[in-house]
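Here's my sequence, what's the structure:
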Amino acid sequence: MTLDVVILAAGQGTRMRSAKPKVLHALAGKPLVSHVLDTAEQLGATRTHVVIGHGAEQVEAELDGRDVRFALQTEQKGTGHAVAQTLDELGDGKVLILYGDVPLIRAETLTALLDEVDERRLGLLTVTLDDPGGYGRIVRDAEGRVTRIVEHKDASEAERGITECNTGIVAATGTQLKRWLPQLSAENAQGEYYLTDIFAMAAAEGIEVATASPASALEVEGVNNRSQMAALERAYQRDRAERLLTEGVALADPARFDVRGRLQCGHDVFIDVGCVFEGDVTLGDGVSVGPYTLIRDSHVAAGTVIEAHSIIEGAEVAEQAHIGPFARLRPGTRLARQSKVGNFVETKNAEVGEGSKINHLSYVGDASLGGGVNIGAGTITCNYDGAHKHRTEIGDDVFVGSNTALVAPVALGAGATIGAGSTISRDVEAGALAVARTRQTTRAGWKRPRKSS
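All right, here's what the predicted structure looks like:
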């Protein structure tokens with residue numbers, strides 16, 4: 001049977017107090033609606049429909065390239081009205097209705113709900129809450145069968161005492177929705193077309209309403225304001241932290257830890273406080289990450305130590321390297337085994353050979369370093385001439401003195417030595433000493449100028 005997933009994402013989200021559509025606000029570095037789409041993909045949806053309204057162009061631009069169909073809800077007249085915008089595109093098979101601002105729903109929960117659905121059964125995800133205020137209530141008969149859902153504003157005092165609540169997540173068939181949605185009425189307290197009214201229609205036809213519940217109420221919590229956004233962010237991060245702890249990763253403080261993408265760790269990895277991981281990151285066995293470090297789209301091999309406040313982006317780091325503190329590895333950096341990039345060093349598109357060291361206060365960009373190279377403090381590769389980038393080639397065992405400028409394109413042969421304070425603009429042959437600085441002049445007894453009194 002086919003599966004259509006309908007994601008409602010047309011709301012303005014006025015309580016967010018933002019020009020950005022609510023569903024585009026980021027949770028763990030990714031728009032809320034993208035989390036829901038990822039879950040839909042896990043379910044193997046035949047077609048995915050996103051109902052858009054406020055900020056429609058922004059939502060379409062953000063989701064450009066994803067396999068979705070957009071349906072425009074020009075006026076927000078309720079959930080039933082929103083789903084009705086997709087009717088012409090729905091198949092007759094199963095239909096799952098989700099919300100673009102409910103990002104933590106799990107595929108396993110939705111699979112269990114979909115398993116309950118056929119032409120004689122309608123699926124509803126419910127949750128029991130200690131404080132059900134604002135939620136629609138599930139009304140059951142004496143045999144425990146769902147007969148209808150009543151919205152909070154329309155509920156009687158007795159109905160408001162019910163703690164089983166509607167999550168809004170519904171599974172039906174396309175045939176059922178095409179029959180019921182045109183019958184919806186807006187004669188209610190809010191003047192809207194409620195999707196929940198289809199449950200009374202189902203009961204009237206003798207169609208059973210099958211219910212399922214999430215493992216945690218967090219799965220079905222939506223975002224309406226910044227406070228709820230922050231709460232779901234911490235819930236998401238705590239879940240990721242717990243998974244890593246279960247896998248044997250040592251976290252200095254699970255409450256101060258953020259993954260905004262995919263993080264894969266080996267054995268005996270240690271992560272200190274305040275670290276952020278973005279994109280696709282791999283940490284090998286025994287890697288230690290110092291506090292307040294950002295790692296994005298990088299692979300760090302076993303035994304590497306990363307000191308505090310380092311930024312690593314688009315880098316490949318081999319075994320037993322040492323990085324930081326306050327180092328910045330920009331995209332294209334490749335560190336070989338036992339190499340070192342120290343404090344206040346920046347690299348970009350640079351290959352640093354085995355055992356080579358750039359200990360402090362240097363910039364190495366568009367460069368290749370052999371093994372055993374020592375780069376002194378204050379060294380820079382002058383790789384940009386204002387129009388084009390050029391490379392610096394440094395052979396094995398080269399020693400570069402402090403405060404040196406290497407003007408690319410330039411090559412330093414194996415074993416060469418560069419005197420401190422030099423500006424090197426021509427190739428240096430292997431084993432040679434190159435010194436390029438003006439001769440020192442000393443004047444004994446020189447009188448320093450002074451201001452007249």
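
Report the contact partners of Thr304.
Going by CB atoms under 8 Å, 6 or more residues apart in numbering, Thr304 touches Gly284, Val287, Ser288, Val317, Ala318, Glu319, Gln320, Ala321, His322, Ile323. Where C-beta positions appear, they are placed from N, C-alpha and C, glycine not excepted.

Keep only those of the residues you listed that are in helices.
The members of those all map outside helices under DSSP state H.

Now do the contacts for the residue lying closest to Arg226 once chain neighbours are set aside.
Distances taken as CB to CB, 6 or more residues apart in numbering put Met16 closest to Arg226, at 6.5 Å, once the chain neighbours are dropped. Each residue near Met16 by CB under 8 Å, 6+ apart is listed here: Lys22, His25, Val223, Asn224, Asn225, Arg226, Met229.

now Gly290
Asp272, Val305, Ile306, Glu307, Ala308, His309, Ser310, Gly324, Pro325.

Pick out the most distant pair among those residues.
Greatest spatial distance among the contacts of Gly290 (CB to CB): Val305 and His309, at 13.8 Å.

Who does Ser362 form a beta bridge with?
Val345 (DSSP bridges).

Wasn't Ala61 part of a helix?
Yes - under DSSP: H, G, I helix; E, B strand; the rest coil, Ala61 falls within a helix.

measure it to Ala10 for me?
16 Å (CB to CB, to the nearest Å).

more neighbours, those two?
Neighbours were counted for Ala61 and for Ala10 using other CB atoms under 10 Å; Ala10 has more, 27 against 10.

Dig out what the residue lying closest to the more buried one once chain neighbours are set aside forms beta bridges with.
The spatially closest residue to Ala10, leaving aside those adjacent along the chain, is Gly53, at 3.0 Å (CB to CB, 6+ apart). For Gly53, the residues forming beta bridges with it (DSSP bridges) are Gly55.

In this structure, which helix is the longest?
Max-length helix for the chain by DSSP H is helix 226-246.

Of all the residues in it, which ones are buried?
Met229, Leu232, Glu233, Ala235, Tyr236, Gln237, Arg240, Ala241, Leu244 (16 or more other CB atoms under 10 Å).

Leaving out sequence neighbours, find the closest residue to the first one.
Of all residues beyond its chain neighbours, the one nearest Met229 is Val223 (5.1 Å), with distances taken as CB to CB, 6+ apart.

how many neighbours does the one you found have?
With other CB under 10 Å as criterion, Val223 counts 25.

That one - that's part of a helix, no?
No - if the criterion is three-state DSSP, then Val223 is coil and not within a helix.

ok, it touching Gly100?
No - in this structure Val223 lies outside contact range of Gly100 using CB atoms under 8 Å: 9.5 Å.

who touches both of the two?
Lys22, Leu32.

Name whatever forms a beta bridge with Ser368.
Glu351, Glu393.

got a list of what it touches?
Contacts of Ser368 by CB under 8 Å, 6+ apart are Ala350, Glu351, Arg391, Thr392, Glu393, Ile394.

is it true that the second one touches Gly365?
No - applying CB under 8 Å, one finds Glu351 not in contact with Gly365, separated by 11.4 Å.

ok but Ala202 is inside a strand, no?
No - looking at Ala202 with three-state DSSP, it is helix, so not inside a strand.

How much space separates it from Gln440?
93 Å.

Name the nearest residue to Asp67, sequence neighbours excluded.
With CB to CB, 6+ apart, the residue lying closest to Asp67 is Thr48, at 6.7 Å.

Pairing partners for the one you found in the sheet, please.
Val5.

isn't it right next to Val5, touching?
Yes - with contact defined as CB under 8 Å, Thr48 reaches Val5; the gap is 4.7 Å.

Give me the common contacts of the two.
Ala40.

hang on, the earlier thing: so which of the contacts of Ser368 is surrounded by the most neighbours?
Greatest neighbour count in the contacts of Ser368, by other CB under 10 Å, goes to Ile394: 29 neighbours.

coming back round to it: between Thr48 and Val5, which has more neighbouring residues?
Taking neighbours as other CB under 10 Å, Thr48 and Val5 compare with Val5 leading, 25 against 22.

where does the more buried one land on pLDDT?
On pLDDT, Val5 comes in at 98.

could I get the contacts of Gly290 as TSV with pLDDT, secondary structure and distance to Ser185?
TSV is the format used below for these (pLDDT from 0 to 100; DSSP: H, G, I helix; E, B strand; the rest coil; distance: CB to CB, whole Å):
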residue	pLDDT	secondary structure	distance to Ser185
Asp272	98	coil	58
Val305	98	strand	66
Ile306	98	strand	61
Glu307	98	coil	65
Ala308	98	coil	62
His309	98	coil	60
Ser310	98	coil	61
Gly324	96	coil	64
Pro325	98	coil	65
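
Most neighbours out of these, which is it?
Neighbour counts for those (other CB under 10 Å) peak at Ile306, which has 27 neighbours.

which helices and strands sit right next to the longest helix of the chain?
Secondary-structure packing of helix 226-246 (3 or more CB pairs under 8 Å, 6 or more residues apart in numbering; DSSP states H and E): strand 26-27, strand 250-251, strand 257-265.

And that helix, how far out from the chain middle?
12 Å (CA atoms, centre = their mean, to the nearest Å).

Show the pLDDT at the nearest residue to His267 once chain neighbours are set aside.
Once flanking residues are discounted, His267 sits nearest to Asp285: 4.8 Å by CB to CB, 6+ apart. For Asp285, the pLDDT comes out at 98.

May I ask you to confirm that Asp285 is in contact with Val249?
No - between Asp285 and Val249 there is no contact under CB under 8 Å: 11.1 Å.

So between these two, which is more surrounded?
Taking other CB under 10 Å, Asp285 and Val249 do not tie; Val249 has more neighbours (21 against 13).

separation between the more buried one and Leu104?
Taking CB to CB, one finds Val249 at 21 Å from Leu104.

do Glu393 as well
51 Å.

from the chain's centre, how far out does stretch 104-113 sit?
For stretch 104-113, the distance to the chain centre is 21 Å (CA atoms, centre = their mean).

now swap in stretch 365-383 and tell me
33 Å.

try stretch 243-254
19 Å.

contacting residues around it?
With CB under 8 Å, 6+ apart, stretch 243-254 has contacts from 238, 241-242, 257, 263, 265, 267-273, 291.

which of these tops the neighbour count?
Counting by other CB under 10 Å, top hit in the contacts of stretch 243-254: Ile271 with 28 neighbours.

Nearest residue to that residue in space, please, no chain neighbours.
Val289 (4.8 Å).

how about that neighbour, what does it touch?
Taking CB under 8 Å, 6+ apart, we find Val289 in contact with Val269, Phe270, Ile271, Asp272, Cys275, Leu283, Ile295, Ile306.
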